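Visitor: Here you go, sequence then predicted model.
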2 protein chains.
Amino acid sequence: MPDPIAARVTPSDMANAIRALAMDAVEAAKSGHPGLPMGAADVATTLFAKFLKYDAADPAWPDRDRFVFSAGHGSMLLYSLLFLTGVKPVTLDELKRFRQLDSLTPGHPENFVTPGVETTTGPLGQGLATAVGMAIAERMLAAEFGDEIVDHRTYVLASDGDLMEGISHEAIGLAGHLRLNKLTVLWDDNGISIDGPLSLSDTTDQLKRFEACGWRAMRVDGHDPAAIARALRKAQASDRPTLIACKTVIGFGAPKKAGTSKAHGEPLGPEELAGAKAALGWTHAPFEIPDEILKAWRRVGKRGRNERKAWEERVAALAPDRRAELERRLKGDLPTGFADAIAGLKGRLAAEPATVATRKASEMALEAITAVTPELVLGSADLTPSNNTKTKGLTAISPGQYAGRYIHYGIREHGMAAAMNGIVLHGGLRPAGATFMVFTDYARPSMRLSALMGAPVVYVMTHDSIGLGEDGPTHQPVEHLAALRSMPNMRVFRPADAIETAEAWQLALERRDGPTTLSLTRQNLAPARRDGGAENRSAQGAYELSPADGEAAATIFASGSEVEIALAAQAQLKERGVPARVVSVPSLDLFLAQDESVRRAVVGTAPVRVAVEAAVRFGWDAVIGDEGSFVGMASFGASAPYKDLYRHFGITAEAVTEAVLRRHNRRG
Amino acid sequence: MPDPIAARVTPSDMANAIRALAMDAVEAAKSGHPGLPMGAADVATTLFAKFLKYDAADPAWPDRDRFVFSAGHGSMLLYSLLFLTGVKPVTLDELKRFRQLDSLTPGHPENFVTPGVETTTGPLGQGLATAVGMAIAERMLAAEFGDEIVDHRTYVLASDGDLMEGISHEAIGLAGHLRLNKLTVLWDDNGISIDGPLSLSDTTDQLKRFEACGWRAMRVDGHDPAAIARALRKAQASDRPTLIACKTVIGFGAPKKAGTSKAHGEPLGPEELAGAKAALGWTHAPFEIPDEILKAWRRVGKRGRNERKAWEERVAALAPDRRAELERRLKGDLPTGFADAIAGLKGRLAAEPATVATRKASEMALEAITAVTPELVLGSADLTPSNNTKTKGLTAISPGQYAGRYIHYGIREHGMAAAMNGIVLHGGLRPAGATFMVFTDYARPSMRLSALMGAPVVYVMTHDSIGLGEDGPTHQPVEHLAALRSMPNMRVFRPADAIETAEAWQLALERRDGPTTLSLTRQNLAPARRDGGAENRSAQGAYELSPADGEAAATIFASGSEVEIALAAQAQLKERGVPARVVSVPSLDLFLAQDESVRRAVVGTAPVRVAVEAAVRFGWDAVIGDEGSFVGMASFGASAPYKDLYRHFGITAEAVTEAVLRRHNRRG
């Protein structure tokens, strides 16, 4: 293959084009981060011009190499690359609209905004940890479909901050353990953070640290294209994931600000900008890229075209059923048997109602689901026996061996969540991972990215209340339902029994535009539902589970484990001549998102409204209204057998009955 | 000093007492974790019997060594030690009530339940990261009060899980950087996690990893007391923090379960328990400790008594003002000048109202506060120039140099929060640390522990809405106010101007029983208040800021940056002849916790209620009620100049006015 970089255009020229665009765009926006693009331009140029399997005409081509821009604040580097290589809608005009409303060039890269952006980055550490999931997905799919269909690398550009965040430890530990040798991290090792020299806060020997975690590690001059290329070739030959520390100067070229934190997060200012362009020998007007340099970059953008076409031919040559399966998987469609599997399960559960914990019901659902969905990849952050996610017949992947559908993520909740984002963004697989509900706090930054990106990850969160008992308040979620329900585009289900659990799994996997958290009990629950029809009654978030015997004087709302308390209160009230109806609320957030007419119909017109949930009240006022009562938690939990705790905290049928009667009698 | 262990009683006997108690208590509770206490008993015995500066008669003595039990699930190890050494209320009966309601022996150690427990642990990694804060506090106080008053070590017992969690990276990076050489981590290196052998998920070379982070590291046989003692002596002589990997057998002694995950988290069962006791040569009845072994342990409990008394004498000999200052600091009382400093600031702000961002107003408050509170230790997770926490005259601590009042925590939000827990638990200092509001997600597990433990940490969270502008949705909190308000015992203030900011700081520092989050803007805000009296009007969470001109037809509730929008809407409504009042809600959670009479008085009786906040609605229904309207965010944000975003998302005075009129006209 001829050198894509034309003779007259040097790698420096190409890198300087990035630098100039970044300076100009930040200056135009009066906001942004010029330092990283200027410092890392040589690294990125080398990677794109010589290594990355990439076709700007089809930046989402499935077997492309992934380039994850973890240091998202330096977004102008990425946008410059997309424009220069010729990704279609990313025009020069879009670069001029950097950080403006509705532009394709937001402050941090958003994969749902800009073609060619693999994942949303910005919160530090996330890109790196997401890339680990992409690299896992690549190997797992290669194990399933063969190396001739799936064979690409994952590159990460990471900053000091990415490596300082805790999630980086979980990510590199997992990647090193699994020997993901097609993963390469290019660390923009510029020694500067916002507070000043990195030495103010950190003195870690990163190479040694990565080696300790099972990586190959090396250091190069990040402004020496030949050295960078040598290192990248070594990385390609490595039997382990590779860290390449690229020693760079932040704000490279800026006469006064280069090498200082002043280059990091604000426009250079006209004088410094002019000085930088002069130092770089860049004589062109703002946003002007000379033809020959643009042509050189456009050739880079076409480097992968033949590889893409060859891949398309290999896919076309697959046996029809394999090809159909691959295409289904890449599109993210569920298999045709999915709805039937759920319906069959619900029928069996209706015929033989089971008193089980919903974590166990989830396992039952997964037994049915995994049989028909080869794309579903389960896992747990080292709570497999408690989360009930490893169903019969699932084998785990292990170092060097990626045929399997289970991942032992280790005690890495945050890393697991980010890896799942990477798996689902990669395409071809659907990840679901588990830990205790209380540890959603550990995973929350990555769960937020699932929601922001619309990534349909499933979070299987068991032990979802004081019902976990003796482990005590550090392990008992009380505010986590509220915290997750308040997150835009996060759907939370807290099913009341095995049938609702099956329905929640169905809705979680049918969902394509965002994540779902399943909040599941440790303790056994009596069946609330006896109907096993095909209708998914949880689909609006709430429904009348048990009508009143006569005109309802009260409505009792409940979710999950408290539905049986609501039903018991209904029975107590009936004995006292107070007809009450029970509304099951498997998803409060989904219910609150329904049209007002739906909400009004389900809430009903009974004069007394009481909600019961073993969690804080926060959020329930929207259902129970001004005069409503709430039976739940107003503090952290405690350590004791769970039945003692329910009594201690007053979450009982008697308390619900009393709350209804208090309101009822006041009105009567 | 004579060997505290009597000749007839061997270290093994003493360790076996721990093992027996742990097995018996877990068996009695039918729940718990016997494996770790059995495995780590020799390590703990060596530490307590030969090294720990500890007096069971006064386990909270200020200059004691800290023993942080990071592997909280093995709590019976700690409870056994407390009972055996003679910490008063921790009787054998309490051990028999392990994991029962209201016992002193909850499932995981809680410092607010059990004397002798330094910090609540259980969520993995937290103890280790909290201990780093304790070790920082020790050095900072020594720099201030001298080594003769403050000179103790911090020991951590950590498990595999503690070292796998991401927070461990932030903690050991910070400790290694700061060269906290009086910090020693004893790692219970048993090679087992819940899913099975640790090798299922991790292959990290921990010694190399710690060395890369600036630690000394060594490995010993965790069942060889002499080897453990040699390692501890080396740690005491080290110029760096030290990791001692103690190779142990989980469930040591159990004939079938030892060395397997079956020993981890459930009772051994009668047969295995009997087998273990036989293997250990332990012939005593359940919960029976032979006299001579108990006596040997009680002597260990008295090892530090003379050191404590000598310390008390040194304190008594201090100059009266130094002694008074030390005692004030250890009690956690604020200085007498504190209230005056706040009042003076408010007076100045009332006289010269400033249009400033509340992050800037926070800096102004800190200028006044730091001058009178030497205990206040500020810091930032590498956002110092944005968070405005480093006021004039504050110097930062640095490796080997601990005289200072500022900490560059690095890009370690989670580690910062945990370290602040450690600093405040240590006593003598009050920590306040900063990052962007959106990154509370990264710190949340430690913030939850602040709330659970009632630790008065101050979280200074700036850039608190879409008002941060161009950085876009990854950096714009929308659900974080709701997520934090829903956390029990977390207080959240979102002040509207400089005076409310001063009031929020006053309430945050006057608070002694829990943490406070200050939610502060990036953007400038017009002054909402012109009154600078001594009364803290924010103290009930909400108050009428601007009365209606006439009988109120509507009440507009707002917090922070949206108060100026509410006031503008009030003016617009007045023009249309609709009298509206504005209620400022600097702390929604504090307001909702007031008595109903207070709430009713502030909410008032105006028929229309509208709330405006640049965040999700979640939580506001409790104020605005069934018929209320909310103007705020229903999705994630976007990247653009902030004024464009307010318009784009419809958070404007016009929108509030319209919402009021819609309701008003419907009623009228």
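Guide: Done, it's in. Residues are numbered from 1 along each chain as shown, chains lettered A, B, ... in the order given.
Visitor: A:P37 contacts A:L77, correct?
Guide: Yes. A:P37 is within contact range of A:L77, at 3.7 Å (criterion: Cβ atoms under 8 Å). Where you see a C-beta, it was placed from the backbone N, CA and C, and this is true even at glycine.
Visitor: residue ranges of the helices in the stretch 501-650 of chain A, please?
Guide: A:563-575, A:588-592, A:596-603, A:621-624, A:642-648 (DSSP state H, counting those that start in this stretch).
Visitor: for the stretch 51-200 of chain A, that is, sorry about that
Guide: Under DSSP H, counting those that start in this stretch, the stretch 51-200 of chain A gives helices at A:75-85, A:92-96, A:126-145, A:160-164, A:166-177.
Visitor: out of the helices of the stretch 501-650 of chain A, nearest to chain B?
Guide: With Cβ to the nearest Cβ as the criterion, chain B lies closest to helix A:621-624 of the helices of the stretch 501-650 of chain A, at 4.0 Å.
Visitor: is any part of stretch A:488-504 close to chain B?
Guide: Yes. Counting by Cβ under 8 Å from any Cβ of the partner chain, chain B is contacted by stretch A:488-504 at A:488-489.
Visitor: Could you export that stretch as CSV, CA atoms only?
Guide: Coordinates of the C-alpha atoms in stretch A:488-504 are reproduced here as CSV (Å, rounded to 0.1, in the frame of the first residue of the first chain):
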residue,chain,number,x,y,z
PRO,A,488,-33.7,11.0,32.7
ASN,A,489,-34.2,8.0,30.4
MET,A,490,-33.4,5.4,33.1
ARG,A,491,-36.2,3.0,33.5
VAL,A,492,-36.6,1.3,36.8
PHE,A,493,-38.8,-1.8,37.4
ARG,A,494,-39.5,-3.1,40.8
PRO,A,495,-41.6,-6.2,40.1
ALA,A,496,-43.9,-7.7,42.7
ASP,A,497,-43.7,-11.3,41.8
ALA,A,498,-42.5,-13.8,39.3
ILE,A,499,-45.0,-12.8,36.6
GLU,A,500,-44.2,-9.1,36.9
THR,A,501,-40.5,-10.0,36.8
ALA,A,502,-41.0,-11.8,33.5
GLU,A,503,-42.8,-8.7,32.2
ALA,A,504,-40.0,-6.4,33.4
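Visitor: Now it: average pLDDT?
Guide: For stretch A:488-504, mean pLDDT is 98.
Visitor: Go ahead and list the helix or strand containing the residue in the stretch 351-500 of chain A that chain B sits nearest to.
Guide: Across the stretch 351-500 of chain A, no residue is closer to chain B than A:G410, which sits at 3.2 Å (Cβ to the nearest Cβ). Under DSSP states H and E, no helix or strand contains A:G410.
Visitor: residues near it, how many?
Guide: 27 (other Cβ atoms under 10 Å in any protein chain shown).
Visitor: ok, which residues in the stretch 401-550 of chain A are in contact with chain B?
Guide: Counting by Cβ under 8 Å from any Cβ, the stretch 401-550 of chain A sits next to chain B at A:408-415, A:438-439, A:441-442, A:444-445, A:448-449, A:451-452, A:469-475, A:478-479, A:482-483, A:485-489.
Visitor: From those residues, which land in helices?
Guide: A:413-415, A:441-442, A:444-445, A:448-449, A:451-452, A:482-483, A:485 (DSSP state H).
Visitor: got the contact list for the residue of chain A found nearest chain B?
Guide: Residue of chain A nearest chain B, by Cβ to the nearest Cβ: A:G166 (2.8 Å). With contact taken as Cβ atoms under 8 Å, 6 or more residues apart in numbering or on different chains, A:G166 is in contact with A:125, A:414, B:165-170, B:412, B:414-415, B:442.
Visitor: ok, 6 Å please
Guide: B:166-167, B:169-170, B:414 (Cβ atoms under 6 Å, 6 or more residues apart in numbering or on different chains).
Visitor: What strands flank the lengthiest strand in chain A, and is each parallel or antiparallel?
Guide: When chain A is parsed with DSSP state E, its longest strand is strand A:608-616. Here strand A:608-616 has these sheet partners by DSSP bridges: strand A:554-558 (parallel), strand A:629-633 (parallel).
Visitor: the domain parsing of chain A - what is it?
Guide: A:12-308, A:337-519, A:543-665 (the TED database).
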